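>>> this one's sequence-less:
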């Protein structure tokens, strides 16, 4: 055992290939961002969102749940830059704190649908036959419903929890991932490098994971980023109609729903700022989707 | 050249704006083509030969522009011409044939309709006579039963037939200048001859001028009056076809000439003079390594497809490989030659155990392999002993793996060595064996040249220490000078490592250089088998003679 440890402690014999690959990717990312300032802007926005999600409770100026009836429905001011709602809660604090929940729902549902839809699609494209038929029909069945209505049904049936919103969002996105992965895997099924992998003793499962999946990743990454925006909208939409997250939890969708009734009486800030946050988040992920494609596409890397 | 040239290119320079600044793809090129003349532009990939023709047609992509020089076509300044004027010229006065005929045709329109479209676009036909004129155009490119083929879709026709359609399209409006950009790459040698003969005859009949862009010096010499050799964007030599072959003046032309496989030379003769040690004689092979008996692959009948022209037996099934028997000795290289569709690739896939045979036996190292299903062979103990070098070096490398990772894959799977450092040093050893610079090991395939990718593919194939390597046209996608080096490398490796080769190819000259024995296949059967010298110099089967005759012969050689 001690022998096995020693070489690792000694000066690295030769860094693994990933090191230079990573450096190349970083320098390429710099180039892409420099080439396209919009991508840089989107990444800046993403950083802001992530910072809010992680540090939310500490950077929010007020407690997002504390009501103060004396300051209810106050318009934006220096003390409350985004104003306050009908219970006197600070909207800025609520918008910041809500980022964590909204992003978490989006991230987990996208991870879930990528794992399930991506793998099912890759297997369907690679093996064809029965696997393909089953995956294809499942996807068709899901697509036969209006997706938001389907999500409503799933949450209503499974119960009104955040976990179920994640599951519902993942299920309605399944066909997108399965079809994309299937089409891309089917193209590569007979590629020379897949044949070569067979000759070097790789099993089918390994070929899927090492030869086919990584080559689909650029497209999947773009898809994931685009779906992130859609997932945020979907979660907010569910909350807006009263499914999923319940008040008084700060969440952009609920906040818009709560503020909607005050717009007619002139208190526009209650709905506007969470809505703006929602829009920026979706906008940010869509822009990143485009930027990501340029970064991960090996054809553009020189 | 006293008559004014039809096309006159002077001092042409084409620049491309790239991320790393401007690149001059074509530098100060002069070229003149007179009426009735066929001019060949010969060069390897990246020599700027295609870009020159794109500049003439003004179809450079957005990043490219003509930076300097002039292009005159029958007195019109093409550089200054308006886009409208260019549209009229393209197709009607100057036509172009591209490399991949299938990509050049609209897949969902019948070929007759596509010819009609061109005729109407340039007001050569009205609605009344378009069909008749289109059928005439098909007849002119020697398409039999033209009225019937008028209604065929491109996918129903063979590659050679599609290229004839493309030629018919290009010639439909009787252009004065035809630019053929690698018109026969990807076609069989007999089809190549038919297509090139057709282009030559039509050029003569109509008094057109033709520019033939090719990487094949032999082809250019056989069909052109004058040949221009390009290297790295510059013209290095322009001379008549005979003069180029008899007295190549520029060292690059001489290198290119040497690297072109031709009768009566050895493998070492392809390389520049004095750069390689003489080839030691082959060891005498005795032990039988591989025996194939009665191997067949039968595909059940499916509807349609009768225009593919493949032989089908009365039951409607398609016998891709039909009762094939041959053997390969240890240390021997055997060539499997035939045109596309002859079953040579199916045979190699079955021997490679990527495809299950319908019948027959494959005995490799005294073990019967035909019983092992192809899908279970990945974990068979003999898997490392049969390896393959693929036709397209780009397609056969995983785009997301570095060269080192690709070479390491068989080592990792077969566990010949373990530990990251040991694997790395084995990769470096293999890279040295195949002549791949070690600093290229951490590059991705798209950062390597075609020749370097071919070396990575070869290193991967020899990594598990195979006894039999199947070479599936390993140099078909490479430039001739790279091909020369790769073929020599393969010959050296074979001797060094004591491997046997099964070399699948349609190029008889290349096969003769590398192989001891040659098997000629047609329609899934063996038509001739014998030593390489016998088959090439004293062919017995009529089909073999036809294949040999179809290889372009430079006129200079017969005169010399």
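That came in fine, so what should we check first? Remember, predicted model here, so these are calculated numbers, not experimental data. Numbers count the residues shown, from 1 in each chain, chains lettered A, B, ... in the order given.
>>> confidence score at the residue in chain A that chain B sits nearest to?
Nearest residue of chain A to chain B (C-beta to the nearest C-beta) works out as residue A:192 at 3.3 Å. Backbone N, C-alpha and C define where each C-beta goes, glycine included. pLDDT recorded at residue A:192 is 85.
>>> please apply the same query to the one 10 residues further on.
For residue A:202, the pLDDT comes out at 85.
>>> where's it, which helix or strand?
Assigned by DSSP states H and E, residue A:202 belongs to no helix or strand.
>>> chain neighbours aside, what residue packs nearest to it?
Among residues not flanking residue A:202 along the chain, residue B:413 sits closest, at 5.9 Å (C-beta to C-beta, 6 or more residues apart in numbering or on different chains).
>>> now do the contacts for the one you found.
A:200, A:201, A:202 (C-beta atoms under 8 Å, 6 or more residues apart in numbering or on different chains).
>>> mind running it again at 10 Å?
Contacts for residue B:413 (C-beta atoms under 10 Å, 6 or more residues apart in numbering or on different chains) come out as A:197, A:199-203, A:206, B:378-379, B:383-384, B:463-464.
>>> let's check: the centremost residue of chain A is which one?
In chain A, the centroid-proximal residue (C-alpha atoms, centre = their mean) is residue A:228; its distance is 3.1 Å.
>>> quick check: that one touching residue A:109?
Yes: contact status for residue A:228 versus residue A:109: in contact at 8.9 Å, counting by C-beta atoms under 10 Å.
>>> helix/strand/coil for residue B:393?
At residue B:393, secondary structure determined by DSSP: H, G, I helix; E, B strand; the rest coil is coil.
>>> how much space separates the residue nearest to residue A:87 when sequence neighbours are not counted from residue A:85?
Distance criterion C-beta to C-beta, 6+ apart; nearest residue to residue A:87, sequence neighbours excluded, is residue A:67 at 3.9 Å. Using C-beta to C-beta, to the nearest Å, we find residue A:67 at a distance of 9 Å from residue A:85.
>>> so where's the chain uncertain?
If you meant another chain, say so; for now it's chain A. In the predicted model of chain A, residues A:1-25, A:28-29, A:31-35, A:296-302 satisfy pLDDT under 70.
>>> the chain in question should be chain B.
Within chain B, the segments meeting pLDDT under 70 span B:1-4, B:19-20, B:264, B:273-285, B:301-316, B:553-560.
>>> what residue in it comes nearest to chain A?
Nearest to chain A, among the residues of chain B, is residue B:396, at 3.3 Å (C-beta to the nearest C-beta).
>>> picking that back up, ok, residue A:67 and residue A:85, which is more surrounded?
Neighbours per residue, other C-beta atoms under 10 Å in any protein chain shown: of residue A:67 and residue A:85, the larger number sits with residue A:85, 25 against 16.
>>> so who does the more buried one touch?
The contact partners of residue A:85, taken as C-beta under 10 Å, 6+ apart, are A:67, A:71-74, A:91, A:94, A:255, A:258-259, A:262, A:267, A:269-271, A:274.
>>> just checking, the residue of chain A closest to chain B touches residue B:406?
No: with contact defined as C-beta under 10 Å, residue A:192 does not reach residue B:406; the gap is 11.5 Å.
>>> that older thread, tell me which element the residue nearest to the centre of chain A is part of?
Per DSSP H and E, residue A:228 falls inside helix A:213-240.
>>> check the offset of the strand or helix carrying residue A:58 from the chain's centre.
Using DSSP H and E, residue A:58 maps to helix A:37-59. What separates the centre of helix A:37-59 from the centre of its chain is 14 Å, taken as C-alpha atoms, centre = their mean, to the nearest Å.
>>> that helix vs helix A:213-240, what angle?
Relative orientation of helix A:37-59 versus helix A:213-240 (axes from the mean of the first three to the mean of the last three C-alpha atoms, to 10 degrees): 50 degrees.
>>> could you check helix A:37-59 and say which residues are buried?
A:39, A:40, A:42, A:43, A:45, A:46, A:49, A:52, A:53, A:56 (16 or more other C-beta atoms under 10 Å in any protein chain shown).
>>> try stretch A:256-264
Using 16+ other C-beta under 10 Å as the test for burial, stretch A:256-264 gives A:256, A:257, A:258, A:259, A:262.
>>> what does stretch B:16-35 give?
The neighbour-count check on stretch B:16-35 (16+ other C-beta under 10 Å) flags B:16, B:24, B:25, B:26, B:27, B:29, B:31, B:32, B:33, B:34 as buried.
>>> just give the nearest non-adjacent residue to the last one, would you?
For residue B:34, ignoring the flanking residues on the chain, the nearest one in space by C-beta to C-beta, 6+ apart is residue B:5 at 5.2 Å.
>>> so that neighbour, which of the three states?
Put simply, residue B:5 is coil when judged by three-state DSSP.
>>> in this structure residue A:215 contacts residue A:197, no?
No: here residue A:215 does not reach residue A:197: they are 11.5 Å apart, not a contact under C-beta under 10 Å.
>>> now do the shared contacts for the two.
A:191, B:398, B:401.
>>> in helices only, show me the residues you listed.
Residues of the shared contacts of residue A:215 and residue A:197 located in helices (DSSP state H): none.
>>> which one of these is nearest residue B:339?
residue A:191 (24.2 Å; C-beta to C-beta).
>>> quick check: phi and psi on the closest one?
The phi/psi pair for residue A:191 (degrees, to the nearest 10) reads phi -70, psi 150.
>>> not counting its neighbours along the chain, what's nearest it?
Using C-beta to C-beta, 6+ apart and skipping the chain neighbours, the partner closest in space to residue A:191 is residue B:395 (5.8 Å).
>>> what about that neighbour, how many residues nearby?
Residue B:395 has 20 neighbouring residues, counting by other C-beta under 10 Å.
>>> residues in contact with it?
A:188, A:190, A:191, A:192, A:193, A:194, A:195, A:196, B:445, B:453, B:457, B:477.
>>> surely residue B:476 touches residue B:483?
Yes: counting by C-beta under 10 Å, residue B:476 does reach residue B:483; the two are 8.7 Å apart.
>>> joint contacts of the two?
Contact criterion C-beta under 10 Å, 6+ apart; residues shared by residue B:476 and residue B:483: B:507, B:510.
>>> between the two, which is the more surrounded one?
Neighbour count, other C-beta under 10 Å: between residue B:476 and residue B:483, residue B:483 has more, with 25 against 17.
>>> please identify the helix or strand for the more buried one.
With elements taken from DSSP H and E, the one containing residue B:483 is helix B:480-497.
>>> what about that helix and chain A, touching?
No: in terms of C-beta under 10 Å from any C-beta of the partner chain, no part of helix B:480-497 sits within range of chain A; the closest distance is 16.5 Å.
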